[in-house]
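Q: sequence and predicted structure, then a few things I'm wondering about:
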Amino acid sequence: MAVIYGAISAILLFWHAAWDMLFGDATALGTSWSWVLGIVFLVLTVRGVLFPVFVKQIKSQRAMQALQPRVKELQEKHKDDRETMQKELVELYRTEKANPLMGCLPMLVQIPVFLGLFHVLRHLKPTMPEPLKTLYGWSVTQFDSASSAKLFGAPIAASFRSTADELSLLGADGLTVKIVAAILIVAMIATTFLTSRQMILRSGWAEDPQQKMVQRLMLYGIPFSLLISGLIFPIGVIIYWVTTNLFSLGQQTWVLRKYPPPPTNGGPAAGRQTASKAPAAPVAPKSLAPRVGAKPIDPKRGGAAGR
């Protein structure tokens, strides 16, 4: 993990140095913008690197959705022989270049980044011995500057549950920290919910009960868990999380327009297709019979038969 801590620190310090050239150590609205923007652009850097992976994830999901009818056929065909069924599914995924695990890859890649930033920000304490301040490529000056950095008066290294002693060392007011942290936690929960909801609504609910349960867990379970875990997250980590979610909302909007989900049996596209191919309504036999008093039709001439 030391490599990850060093990489996260290097990106954060790079962007801080870039913004520090514009703003210096000056603060506005009780905010150290060079450090806050450093965290924001850390997100943009990571998500920019992961963008090709995200596109592959969407393509894999579309391929998996298109293969669902064939997957169900194989499951029904080999429901009594799970070994054969697994071999057939693996061959199907290999032939069609679909990877069921690709959907989890972007999230798995971001976990070490999140943990790295969490560790680095929790490391920012004014009482830290000087030899430890220079870990992960930091200088003592950079460490002292970051440990005193604030967002609207709340240190980015503080959390909602920071003790009075910790806040005293950071030179922070407890009420200010709780208000700023609470607002950010609400924003983190809301944007996490909206991100999951956007993907599910555009891709559709899964028909498989287990997959649908996973979708519900992503939609409701993760935002609820953040209500608890967000209390111990440093404010800087919550800034990272909210920025990531906002980036994801914009990214998913673009990608889902470029790679729309395939039409399903219950979707509007399927409804239009069904309507266009629907057979004509049957005509009642009585409507084909000649009216009383009408002249008979000669089928060869197409007109009234001659007498």
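A: Sure thing, it's come through.

Q: now tell me which helix or strand of this protein has the poorest mean pLDDT.
A: Ranked by mean pLDDT, DSSP states H and E, the weakest helix or strand in the chain is helix 268-276, scoring a mean of 40.

Q: which residues in the chain form strands?
A: Using DSSP state E, the strands of the chain run over 150-151, 154-155, 297-298, 303-304.

Q: strands paired with the second one, and their directions?
A: The strands beside strand 154-155 in its sheet (DSSP bridges) come out as strand 150-151 (antiparallel).

Q: give me the distance between the nearest residue to Gln252 once chain neighbours are set aside and Gly250.
A: Computed as CB to CB, 6 or more residues apart in numbering, the closest residue to Gln252 that is not its neighbour in sequence is Gln198, at 5.6 Å. Where you see a C-beta, it was placed from the backbone N, CA and C, and this is true even at glycine. Distance, Gln198 to Gly250, by CB to CB, to the nearest Å: 10 Å.

Q: residues near Val214, how many?
A: By the measure other CB atoms under 10 Å, the count of residues near Val214 is 13.

Q: same deal with Gln61?
A: When counting by other CB under 10 Å, one arrives at 19 neighbours for Gln61.

Q: where does pLDDT dip in this protein?
A: Low-confidence segments of the chain (pLDDT under 70): 97, 99-107, 202-204, 206-211, 259, 261-307.

Q: mind naming the longest helix for it?
A: Assignment by DSSP state H gives helix 33-66 as the longest helix of the chain.

Q: list the helices and strands that helix packs on?
A: Contacts defined by 3 or more CB pairs under 8 Å, 6 or more residues apart in numbering; DSSP states H and E place helix 33-66 against helix 2-23, helix 105-122, helix 235-258.

Q: could you dump these to TSV with distance to Leu175 and mean neighbour count?
A: Shown next, in TSV, are these (distance: least, CB to CB, whole Å; neighbours: other CB atoms under 10 Å):
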stretch	distance to Leu175	mean neighbour count
helix 2-23	27	17
helix 105-122	21	17
helix 235-258	14	19
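
Q: any chance of JSON lines for those, columns distance to Tyr220?
A: Putting the helices and strands packed on helix 33-66 into JSON lines (distance: least, CB to CB, whole Å) gives the following:
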{"stretch": "helix 2-23", "distance to Tyr220": "30"}
{"stretch": "helix 105-122", "distance to Tyr220": "17"}
{"stretch": "helix 235-258", "distance to Tyr220": "16"}
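
Q: hang on, the residue nearest to Gln252 packs against Trp254?
A: No. Applying CB atoms under 8 Å as the test, Gln198 and Trp254 come out as separate, 11.7 Å apart.

Q: re the thing from before, closest one to Leu219 among the helices and strands packed on helix 33-66?
A: Proximity to Leu219, assessed across the helices and strands packed on helix 33-66 by CB to CB, is greatest for helix 235-258 (13.7 Å).

Q: got the angle for that closest one vs helix 2-23?
A: Inter-element angle recorded for helix 235-258 and helix 2-23: 90 degrees (by axes from the mean of the first three to the mean of the last three CA atoms, to 10 degrees).

Q: which stretches in the stretch 51-200 of the chain count as helices?
A: Applying DSSP state H, counting those that start in this stretch to the stretch 51-200 of the chain gives helices spanning 68-77, 82-96, 105-122, 130-133, 140-147, 164-170, 174-203.

Q: helix 235-258 and the longest helix of the chain, what's the angle between them?
A: 40 degrees.

Q: still on that earlier bit, closest one to Gln68 among the helices and strands packed on helix 33-66?
A: Ranking the helices and strands packed on helix 33-66 by proximity to Gln68 (CB to CB) places helix 235-258 first, at 18.4 Å.

Q: packing partners for the closest one?
A: helix 33-66, helix 105-122, strand 150-151, helix 174-203.

Q: what would these look like in a markdown table with distance to Leu132?
A: Listed next are the helices and strands packed on helix 235-258 as a markdown table, based on distance: least, CB to CB, whole Å:
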| stretch | distance to Leu132 |
| --- | --- |
| helix 33-66 | 19 |
| helix 105-122 | 12 |
| strand 150-151 | 22 |
| helix 174-203 | 24 |
